[in-house]
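> Have a look; sequence and predicted model below, questions after that.
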Amino acid sequence: MKVDRRSFLGLGIGAVAGIAISPVGAKLTDDFSIWTQNWPWTPVPPDGEVSYDRTVCHLCPGACGISVRKIDGRPVKIEGLDPYPVNNGGVCLHGIAGLQYLYDPSRVKSPMKKVNNRFVPISWDDAFTMVAARLGELRNDQNPETLACISGSDQGSVPGLFKHFMAAFGSPNYLTMPDLESWLIRTAKTLHGDAYTLGFDIDHSDFILSFGAGLIDGWGSPVACIQAMGTRRQRESTLVQIEPRLSNTAASADRWIPINPGTEADLAMGMCAVLLKENLFDPGFAQGFSGGFMRFTAMVQKEYPLDKVAGITGISASDIQKTAVAFAKAKMPVALPGKGRGEGAQNLKEFAAIHTLNCLSGNVNKQGGTFVKPLPKYLNFPDPVQDTVALKGAGSAPLAGSVQELVTRIDKSGESPVKALLVYNANPCFALNDPSRIRAAFEKIPFKVCVTSFMDETAMASDVILPVSTFMERMEDVPSKAGLAATVVGLSKPMVKPVFNTRSPGDVVIGIARALGGDMAKSFAWNSYDACLEQVTARIWGPLVRKGHVVLSKNLPAGSVKTDFGFLAENPETVKPAGALEFTLIPIDNFRVPPTVPAPSPFAIKIVSDRILKGTDMFVEINPQSAKNLKDGGFATLTTPAGSVPVRVHFNDGIMPGVIGMVKGLGHTLDNRYVSGKGVNVNTLISPKIEPDSGMDAAFCIKAGISKA
Amino acid sequence: MIHDKKAHKYGMVIDLDKCTGCGTCAVSCMSENNVPFKEDESDKKDSITWMRVYRLTNNKPFPDTEVAFLPRPCQHCGGKGDHGHSPCVSVCPATATDYGYDTGIVSQIYTRCFGCRYCMAACPYHARYFNWWDPVWPEGMEKYLSPNVSPRMRGVVEKCSFCYHRYQLAREKAYASGSDEIPEADYQTACTTACPAGAIVFGDLNNPSHKVHQIVKPDPHPDPLNPDVVGKSRNPKVFRLLERLGTNPKVYYMSEREWVRKLGDHYLDGEWDKVKNVYGSASHE
Amino acid sequence: MDAALIPEGAKRCSFPKFMLGIAIVGAVLLWGVYAMLLCWFKGLNQTNMNDYYGFALWIWADLAVIAVGGGAFFTGLLKYIFKIDELKNIINFAVIIGFICYSSALLILAIDIGQPLRGWFIFWHANVHSMLTEVAFCLSCYFAVLTIEFIPNILENRQLNKVPFFHHLAHNMHGVMAIFAATGAFLSFFHQGSLGGVAGVMYGRPFAFREGLLIWPWSFFLFTWSAAAFGPCFTLLVTRVTEAVTGKKLVKDNVVHLLAKISGWMIFTYMIAKIIDTLYWAKITAPGLGFELSHFYTSNGFYGYWILVLEVIVCGVIPGLLLITKTTRENPTFRLIAIVLAVIGVCINRWVMVLQIMAVPVMPFDTWALYIPSWQEVATTILPVAYGIILIAVAYRYLPVFPQELELNRRPEARES
């Protein structure tokens, strides 16, 4: 057949027509749609057998029991454990997002060492050998006290192991980050003596006088507090919230009393004066008053008269008087210290003055009141084997009482008095005031080891990173703290095998000690951390494993406590915000933004308001009355004595005129694009100010100026 | 209208005086339902949050300012007269969203949706979200995804399902135990169980033994002032969002605070004072 | 070069000049195609649409081109059913404009949906309650009708018409065109209406919601009416533009006057209905739901009462009056002003009924949402314009679109274009 143009055309048309009426078109159309329903790049989670496992969350001091739903052993959902003595089924967003932390992009996947300012992976053996070699030098040089350790917390067997390590090594320089519990212990120590802490029975109290404690903004054990607040109205319990800004807690309170930032201590002293003057304190409890009560009484009457306190705090004299009287006359009053989450820069004077209100009310170690509890003593570590080097070093005077004070020491010395540093579960290079100053001090320390799960700001400033498993991957005892009335020890268990080449922090300590050899190794004779845990918690191990938790004290602490007013009687000076600018900048604790370790999860950042964070822009809150030429949503420059940053303005009627609020915990620079590079770290704007009596950074707020950008 | 006695009408009541605005409900929902996240989620008009928490204020200057939080899941509207013609269901051209007459739940079939977004335009609550992007999890993180809810592909609409998969599991469990009754505790949404403040109560609005029914006391008869409205609460503290539109949501809100209740709907000048004390008729009890 | 294809006796510009023009417009077209491919392959994240603006620029463009494309069905209706014979001189062009508008509308829809490969689910899983289902069915059917109406004109091309089969086919199709015109008018009535219904049935959106007759909200009828009223204005406008570009008179004045007059009266009566509808909505419907009129036009940076005045008075009542008044209608300048205003007016109406609906907050604590389209959206919206220009240029060059062209341009000095 001859193919000419005509027949070719005809064939073509015929073929097209044929295909058009054949089922091919319909079939392809259908196939295409089925393909879109099964795009290979959209994951299909594998199905499998469902199981539930229980453990304890230790992302924050809350120590909630959690239930983990698994599919073929793969955790897919975290929920609150019910019943559990801390949180009874409740849970918070960070706990739920715990699964995200498992696979967080900033996880440290294997041990790393810094070479030419870059981290390269090394083996665990190499890491231990290297760390031991560097630390060993200090002992060889007879200078073990030049090793310092910064830990996120003070309680539980892992911090216990670090302390054990420091003792065996021969250094007294074990420091913790300023969390609420550390402030409570310090307060109890000041008023009642060593080895006490404070707990608050907000579940039963009928009058809560909160000096900025963010009861629903993350203070204390957050879920327990929110639950107590959830039933507060039914229990006809009154909440009076005193703080410069209408926080969510203030918004839910029966009464919000705005106060000039940083004057809470003066207010509490003024209220003490009212109670003493009007004879509204509990005479029975007063029998336990010792040292300095009379001096204290005379001092507050003289130094904190109503009018003067009204002037300082910005609260009317009658309001102060009425509130103090209402507090004293309540059946079960409790006064709560700790602004926001109660951690970071606070001050001892304020904690002590507020707790003095509790003492004067007499509602101490009674239901609905304040519990002065002995610190939990369920851990029994064997005595460390200390050689002469260790004995000498451990006996030397500690370099500092707080991390900030240590940084100041390093800052002021030509050569760092700290030659090596261990950091565990803490991110001082982000979470403390003026992080650049802390990083500079780190620079001067010749050798830094960071024991962490995440490549955070502190890890990046270290020489060696020893990655630890997250709470979902490891066994550990988790004592409750943070102002809870009951003392509960939970057992966190691995829900999943470590995702990366990580170890339990206990095993890391043991590993370093063993690599150091000699007497150090003798102090750490356990085969593994798990064996160590079983041994040191022997007294409660059985029930701990069986039930998953042990309640150490539920009932009221027994007996009376002595109360010493010596500290306050001296009328320590209130730490005032630095600078002379027009506004006062305060950090805001927002429930959705964790300010310390770990950094926020992608889920948490996702639900942060667009009036806190927009793109990478940071918002600050300001009252429209004091906003002058600033525009809502507009750009501005915020300046403090510590620095200057671009911000955007959010008009909030619920913040005192003259105050600027900035959410704390944003502005991370870690390796996680979902969290990093967003907003500003408010700590960079606040310079630390050491409170002489506590040695702690007490710069809660700072003077600031703001102008249109 | 559902006359079948056995038909459920699942709904919830959220106590805005208890809600702390913590956002746990939102995260629990995202974790339960495999909701993805992007690098920047600060554009809230492009951020998939089946449960979104709104901040309300009374708009008064310092120091009389008050703030409340309002969690907003899909309202699972029954539509005008509660006939099942929800604003979104009635407009979907491909029947990709449907009203379950046995549960009162508005479903979404992701594999059928072709992404016209008419339902989003029709929904006054902005409860519907479009997958503008392919869902992508950081490497390894897809391991936490739950098989109970399929991750959505790019180009389709998604929304709160009242954790329908939990209903299915509870129903299977009930069948297995030979009962056709689903116990109240067996079917609870992820936001309800997560809420640390206990602000959310979920259950069957048709079942007088369920707590949600006892709190809401829904009036089964049309509102004499507006016959489109059915199921108005007989509890003076309880209200619904935009009730006057006749969407008949199954999500109720509760507050002691009048300014909060007033923010639930639009009122002309002077109208609020006339209607604020009008609740579902008690005579229908 | 292509002289054999050009209608007999007609003057056309040189082929290279023609191709240059096509190339310039073609570049814009390619830009649009590139944006379209981006949207298809990367998804709708290429746009600035969001969860508040599920309907945005494209849907407006869609509604607008369908509205102005309404000239096809209405002119067809007048010509074939009401037997207004003068309109045969413009019907071809009306059909081509309609064809362009409707094919563009379908293309825009194919880009707009999130899952284009599943677009056919609208037919397969049709929900009869949805206005969009009605739109999809009627739109597709009417597009088929427009294609059928366009075919005879194509077959009249000088070369094609030499094929006896095509010649007879074209002739016979003309004969039965009344049936298609009637079908087209019927389909148009429903899809124009259902596009109005799309907004009107959204009872969750008080700005859009309209009460109505049975299942049809008033906006249903208003949309049909406005398409019939303003569509011919667009036909006249494009004719005028074509005349300007070609430098030739293509349609006789009496035809233009007639269509303008009909359009004017349609606009005038439509505006009465529209004003009644607006007043009823503003005074009864919206307040009944708790909304003051001011809610829809204040407290935002863009939408004010001006848009209402612009749509209803400036671009509605005024062009209507200009076209029903003989003196202004027959004055070329006033007529041009009137048809330009009218076309703008119907486009504003569609804008309001798509974009302002999305912008107005409904929950009392929600805020106005404004949006600016991305370049991809703008490019894909311009794409149909470029395509339309090319199609008109090709059709004008090779098809006897304007029956009066030769008669009107017999003078030897007629300029080339």
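Noted; the coordinates are in hand.
> neighbours around residue 114, how many?
All of this is about chain A. 15 (other Cβ atoms under 10 Å in any protein chain shown). Heads up, the C-betas are built off the backbone N, CA and C, glycines and all.
> wait, I meant chain B there
The local packing of B:F114 (other Cβ under 10 Å) involves 26 other residues.
> Now do it against chain A, distance only.
Applying Cβ to the nearest Cβ, to the nearest Å, the value for B:F114 to chain A is 9 Å.
> C:G119 now?
Taking Cβ to the nearest Cβ, one finds C:G119 at 9 Å from chain A.
> Tell me if I'm right that that residue and C:I113 touch.
Yes. Counting by Cβ atoms under 8 Å, C:G119 does reach C:I113; the two are 5.5 Å apart.
> Overlap in contacts, these two.
B:F114 (Cβ atoms under 8 Å, 6 or more residues apart in numbering or on different chains).
> which stretches of the chain aren't confidently modelled?
No chain was given, so I picked chain A. A:1-3, A:5-6, A:559 (pLDDT under 70).
> My question was about chain C, not that one.
For chain C, the stretches with pLDDT under 70 are C:1, C:411-417.
> So which residue is dead centre in it?
Using Cα atoms, centre = their mean, the residue of chain C that lies closest to the mean C-alpha position is C:V68, 2.5 Å off.
> Quick one: residues contacting A:L581.
Counting by Cβ under 8 Å, 6+ apart, A:L581 makes contact with A:T639, A:T640, A:P641, A:K703, A:A704, A:G705.
> Report the entries of the residues you listed that also contact chain B.
Counting by Cβ under 8 Å from any Cβ of the partner chain, nothing from these sits close to chain B.
> tell me, how many neighbours does A:C450 end up with?
Residues near A:C450, counting by other Cβ under 10 Å, number 29.
> which helices and strands sit right next to the helix or strand it falls within?
Assigned by DSSP states H and E, A:C450 belongs to strand A:447-452. Counting by 3 or more Cβ pairs under 8 Å, 6 or more residues apart in numbering or on different chains; DSSP states H and E, the packing neighbours recorded for strand A:447-452 are helix A:124-140, strand A:420-424, helix A:457-460, strand A:464-467, helix A:505-516.
> Can you give me the buried ones in it?
Buried residues in strand A:447-452, counted by 16 or more other Cβ atoms under 10 Å in any protein chain shown: A:F447, A:K448, A:V449, A:C450, A:V451, A:T452.
> who does the longest strand along chain A pair up with?
Ranked by number of residues, the top strand in chain A under DSSP state E is strand A:643-651. As defined by DSSP bridges, the strand partners of strand A:643-651 come to strand A:617-622 (parallel), strand A:635-640 (antiparallel).
> And the first one, how far out from the chain middle?
This points to strand A:617-622. Relative to the chain's own centre, strand A:617-622 is displaced by 22 Å; criterion: Cα atoms, centre = their mean, to the nearest Å.
> Do me a favour and get the end-to-end distance for stretch A:339-351?
Stretch A:339-351 has an end-to-end distance of 10 Å (Cα to Cα, to the nearest Å).
> Same check on stretch A:302-311?
Between the opening and closing residues of stretch A:302-311 lies a distance of 15 Å (Cα to Cα).
> repeat for stretch A:365-379
End-to-end distance for stretch A:365-379: 24 Å, by Cα to Cα.
> Check stretch B:228-239 too.
For stretch B:228-239, the first and last residues are 16 Å from each other (Cα to Cα).
> What are the contacting residues of it?
With contact meaning Cβ under 8 Å, 6+ apart, stretch B:228-239 is reached by B:1, B:13, B:78, B:80-82, B:205, B:215-223, B:240, B:243-244, B:246, B:248, B:250, B:252-256, B:261, B:264-265, B:277, B:279-282, B:285.
> same thing but 6 Å
Residues outside stretch B:228-239 that contact it (Cβ atoms under 6 Å, 6 or more residues apart in numbering or on different chains): B:80-82, B:216-219, B:222-223, B:243, B:246, B:248, B:252-254, B:261, B:264, B:279-280, B:282.
> Going by neighbour count, which of those residues are buried?
B:80, B:82, B:216-219, B:222-223, B:243, B:246, B:248, B:252-254, B:261, B:264, B:279-280.
> Which members of the residues you listed occur in helices, if any?
The helices, defined by DSSP state H, take in B:V216, B:R261 from the buried ones among the contacts of stretch B:228-239.
> taking the buried ones among the contacts of stretch B:228-239 one by one, which sit in strands?
Among these, the ones falling in strands (DSSP E) are B:P222, B:D223, B:Y252, B:Y253, B:M254.
> Now do the same for the residue lying closest to the second one once chain neighbours are set aside: its pLDDT.
In this case it means B:D223. Nearest non-adjacent residue to B:D223, counting by Cβ to Cβ, 6 or more residues apart in numbering or on different chains: B:V229, 4.0 Å away. Looking at B:V229, its pLDDT reads 94.
> what's the neighbour count on B:V229?
Using other Cβ under 10 Å, the number of residues around B:V229 comes to 23.
> Look at it and give its secondary structure.
Put simply, B:V229 is strand when judged by DSSP: H, G, I helix; E, B strand; the rest coil.
> which element is A:F165 on?
In this assignment (DSSP H and E), A:F165 forms part of helix A:157-169.
> residues in contact with that helix?
A:144, A:147, A:149, A:151, A:153, A:174, A:379, A:381, A:384, A:390, A:394, A:424, A:477, A:505-506, A:509, A:513, A:520, A:523, A:533, A:536.
> For the residue in chain B that chain C sits nearest to, give me its contacts.
Residue nearest to chain C within chain B: B:G115 (2.1 Å; Cβ to the nearest Cβ). Neighbouring residues of B:G115 by Cβ under 6 Å, 6+ apart: B:G155, B:V156, C:I113, C:G114, C:Q115.
> and the gap between the last one and A:D530?
Meaning C:Q115. Distance from C:Q115 to A:D530, counting by Cβ to Cβ, to the nearest Å: 52 Å.
> With neighbour numbers in mind, choose between those two.
Per other Cβ under 10 Å, whichever of C:Q115 and A:D530 has more neighbours is C:Q115, with 25 against 16.
> where's B:I14, which helix or strand?
strand B:10-15.
> what separates the very next helix or strand once past that strand from the chain centre, distance-wise?
Following strand B:10-15 in sequence order, the next helix or strand is helix B:24-32 (DSSP H and E). Distance of helix B:24-32 from the chain centroid (Cα atoms, centre = their mean) equals 14 Å.
> Backbone dihedrals for the residue in the stretch 151-300 of chain A that chain C sits nearest to, please?
At 14.9 Å from chain C, A:A251 is the closest residue in the stretch 151-300 of chain A, using Cβ to the nearest Cβ. Here is the backbone geometry of A:A251 (degrees, to the nearest 10): phi -70, psi -30.
> From chain B, how far off is it?
As judged by Cβ to the nearest Cβ, A:A251 and chain B stand 4 Å apart.
> Let me know how buried that residue is, in neighbour terms.
A:A251 has 20 neighbours, counted by other Cβ under 10 Å.
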